[in-house]
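S.K.: Task: produce atomic coordinates for the following.
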Amino acid sequence: MPNATAVPVMAARRPAVAGLALRAGLVRVVASAKVGESPLRLPATPMGHGDTTLGQALAGGLPERTQGPRVVLVAHSFGSPGSTFILFRCAYADDADERTDKPMRDFSDELAGLRKRLNEAHDYLNLDKLRASRPQLETEASRPDLWDDPARARKVTGELAALNDDVDTFDGLAERIEEAETLFELGREEGDDSVVAELAELLAGVERDFDRLEIASLFTGEYDDHSAVCEIHSGAGGADAADWAEMLLRMFIRWAERKGFYVELDSVTPGTEAGISSATFIVKGQNAYGLLRGEQGTHRLVRISPFNAQGKRQTAFAGFSAVPLIEDSDNVNIEIDEKRDLRIDRYRSSGAGGQHVNVTDSAIRITHLPTGTVVSCQNERSQHQNKDRAMQILKAKLVDLERRQRSEELAKVTGEKTMADFGTQIRSYVLHPYQMVKDLRSEHETGNVDGVLDGDLDPFIEAYLRFERGSSSN
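M.R.: Prediction:
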């Protein structure tokens, strides 16, 4: 028998770690050990395994030196999903002669960064509170009379589903980081860089999941998960502003299409020379309002004007606003007396007609007299459908108005409306003399103006949401 001893390498708590080590060729199974009456079955390998005790396994002698992995995998099973694996390396007397001088790629910084993000996730998810409240929600969700009150039932089941999703996502990320740390240590111990590709893929997947979790955690508003009713209005700048408003409309529609959202264009008012004066559209999809609420405000464009005969640089402004779309299932009570509170005007739809615009006298404009709120819809097939859609948009606006009046804090959520003019912009789009888009709140910027105008808004939206969370925590 060769002169060898069993040297502990590390312990890992999950079976997946053993699978990673086996797939990477870092270990081969010589024996499995058990404690009590719960032997742990390891993945099948060419070497096989037996249900022996740790003492019996080592007493039988360590394996002869062979090419390839020289690690014995010994497992202690405690009869639970959290079973502990203990990895032993066969240390031979002349191992030092065979050590490679080529170092394995160092993943220490990446792993430390992921550990830091995991600790941050524990805090912003408020994980201790979630775990403490789960038993109560589970008890309430299992009550036989829960669905006697459908609204309450939807609230409880929704909260429980969201809680379980957050906890399970966090636990899954923690387990995958632990797997990566174990695999890295095993590879570094054996001087084996064959695990580099698998480690890099594993870490990249964890990074992507952290990005999605962080963005989802930023949706803390009452209606952030709703669809959004959006409006665009041209501001200062004449024909350039109307053209800019139309460019913004295209930008937001392209962004929504990229996200897989459904867009309904409800009304468009053409500009006097070019572009549009205003537009109302609905973006339907999960978290549409939560994403778009940060886009509210004045958007500024600087370019060589196509409407200026002298080719001078012009500045144009357009405003964007969004409110959550209130569905009937939201149980929001807004009392509207149609005879007393509303003025309903019927008119011919504007535009070129055809597929998207009805040119009969079916367009509807509704004015809510107590608040002065005006909505319109012209794109449905009949006057009745246009009225129903306009009433839905009006209801959404009135809910938003009521929330802002109820609390100054909610005004920060929905955004203050200002005139689209100099000094009020939230973002600048400069096409001349240089090219840059810069958000004046989060200070995120890019030189890819064409990409942004083609709907690549996610970096700006995510930067603002992180800026908002940082501002509120400060």
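S.K.: what about residue 429, distance to residue 116?
M.R.: Distance of residue 429 to residue 116, given as Cβ to Cβ, to the nearest Å: 35 Å. Yep, even glycine has a C-beta here, placed from its N, CA and C like the rest.
S.K.: If you count surrounding residues, which of the two has more?
M.R.: The residue with more neighbours, out of residue 429 and residue 116, is residue 429; 22 against 10, by other Cβ atoms under 10 Å.
S.K.: Distance-wise, check the more buried one relative to residue 280.
M.R.: According to Cβ to Cβ, residue 429 stands 22 Å off from residue 280.
S.K.: Please apply the same query to residue 362.
M.R.: Residue 362 is 16 Å from residue 280, where distance means Cβ to Cβ.
S.K.: repeat for residue 436
M.R.: Residue 436 is 30 Å from residue 280, by Cβ to Cβ.
S.K.: All the helices of the stretch 351-474 of the chain, in order from the start?
M.R.: 383-406, 408-414, 449-453, 458-473 (DSSP state H, counting those that start in this stretch).
S.K.: Repeat that for the stretch 51-200 of the chain.
M.R.: Counting by DSSP H, counting those that start in this stretch, the helices of the stretch 51-200 of the chain are 54-59, 95-98, 108-124, 127-141, 150-190, 196-217.
S.K.: how far off helix 150-190 does the third one point, in degrees?
M.R.: Angle between the axes of helix 108-124 and helix 150-190 is 160 degrees (criterion: axes from the mean of the first three to the mean of the last three Cα atoms, to 10 degrees).
S.K.: which parts of helix 108-124 are buried?
M.R.: Neighbour-count burial for helix 108-124 flags 110, 111, 114, 117, 118, 121 (criterion: 16 or more other Cβ atoms under 10 Å).
S.K.: now swap in the fourth one and tell me
M.R.: Residues 130, 137 are the ones in helix 127-141 that count as buried (16+ other Cβ under 10 Å).
S.K.: And that helix, what does it pack against?
M.R.: helix 150-190 (3 or more Cβ pairs under 8 Å, 6 or more residues apart in numbering; DSSP states H and E).
S.K.: average model confidence for the helix it packs on?
M.R.: Averaging pLDDT along helix 150-190 gives 86.
S.K.: other SSEs contacting that helix?
M.R.: Applying 3+ Cβ pairs under 8 Å, 6+ apart, one finds that helix 150-190 contacts strand 4-12, helix 15-23, strand 84-92, helix 108-124, helix 127-141, helix 196-217.
S.K.: one step back: tabulate the helices of the stretch 51-200 of the chain (TSV), appending distance to residue 385.
M.R.: As requested, the helices of the stretch 51-200 of the chain are exported to TSV (distance: least, Cβ to Cβ, whole Å):
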stretch	distance to residue 385
helix 54-59	75
helix 95-98	79
helix 108-124	43
helix 127-141	38
helix 150-190	28
helix 196-217	35
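S.K.: Can you check which of these gets nearest to residue 387?
M.R.: Closest to residue 387 of the helices of the stretch 51-200 of the chain, according to Cβ to Cβ: helix 150-190, at 27.2 Å.
S.K.: what angle sits between that closest one and helix 196-217?
M.R.: Using the same axes, to 10 degrees: helix 150-190 against helix 196-217 is 150 degrees.
S.K.: Regarding the protein, what is its longest strand?
M.R.: strand 313-324 (DSSP state E).
S.K.: Tally up the residues packed near residue 165, please.
M.R.: Counted with other Cβ under 10 Å, residue 165 comes out at 12.
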